[in-house]
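> got a sequence here, can you model it:
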Amino acid sequence: MSAPQCVPACWVIAVAASAGGLKALSVILSGLPKDFPAAIAIVMHLSPQHKSILAEILDSRTHLKVRQACTGDILCHSSVFVAPPNHHLLVVKGGRLKLSSASAQKIHFARPSAEPLFASVAKIYHKNAIAVVLTGGDGDGSFGVQVIKEEGGQVIAQDRPTSQDFSMPETAIKTGDVDFILPLNQIAPKLVTLVGDGTGQIH
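Residues are numbered from 1 along each chain as shown. Next up, the predicted model:
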C-alpha cells in the first residue's frame, strides 16, 4: 500500500511542554481526528543523554502520524513532528522543518526550546499559526507567544488545575498574549474549532 500523499498544511500548531508533558500531549493528540487538517510541531524538554522514544509513544496514542522531526520534512496535514533531543526545531520557507546543530545556544537552559519554533512558525504562517503552551517549568515560550500574536496568530495555554507544573503556561499568560486558558481536555476541541477545514492563505 502506498504512503498517503502529503497535503501541505496551511495551519501549523506549535506546541511546547516540559514536566508532565507526556500526559498532556497524549490527551491532546488522542482527541484530534485522523483527518485533522493541520500540522503539529512539538518541542518537549528531553534529556540529551538518551535516545528519545517520545514520537513512538505518542504515535501509539493518536490517529495522527507522529514522527521525530528531520531537516527537510514537509509540514503535512494530519502529521505531528517531535523535536529530537539537543536540537532546536524551526520552520523555514515552503513549510519545511529545519533542525539546529547540537551545539546551538540553549534558550531558557533548554535545547530544544519553544522560542525558535514559535517565532519561526509565526513568521511563515502568520494568522494561521497557533501556539500551545502546556505544563512545564521555567518560562520557555514566553517570547515566542508574543511573536505569534504580532503576526496575527493565536495562543492557547493550559490552565493551572490540570498542569503538573504551571510555570510555563503562567509565564505565557503574563505576557497578555494568550487568547485561551483551557483545561487539558478542552484544548483538542478548541484546536479543531480554530483550524476549521484547514484552508487559509500563507506566504
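> what ranges do the helices span in the chain?
For the chain, the helices defined by DSSP state H occupy 21-30, 54-59, 114-125, 142-150, 167-174, 184-195.
> roughly how far out does the fifth one sit from the chain middle?
Put plainly, it is helix 167-174. Remark: helix 167-174 is offset 16 Å from the chain centroid, using C-alpha atoms, centre = their mean, to the nearest Å.
> residues of that helix that come out buried?
167-173 (16 or more other C-beta atoms under 10 Å). C-betas here are computed from N, CA, C, even on glycine.
> counting by contacts, list what that helix packs against.
On a contact count with 3 or more C-beta pairs under 8 Å, 6 or more residues apart in numbering; DSSP states H and E, helix 167-174 meets strand 129-133, helix 142-150, strand 154-158.
> nearest to His108, out of these?
Nearest to His108 among these is helix 142-150; the distance by C-beta to C-beta comes to 8.5 Å.
> CA atoms of that closest one as CSV?
What follows is helix 142-150, C-alpha atoms only, in CSV (Å, rounded to 0.1, in the frame of the first residue of the first chain):
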residue,chain,number,x,y,z
SER,A,142,7.1,33.5,26.6
PHE,A,143,8.9,35.4,23.9
GLY,A,144,7.6,33.2,21.1
VAL,A,145,3.9,33.7,22.0
GLN,A,146,4.4,37.4,21.6
VAL,A,147,5.7,36.9,18.1
ILE,A,148,2.8,34.6,17.3
LYS,A,149,0.4,37.4,18.4
GLU,A,150,2.4,40.1,16.5
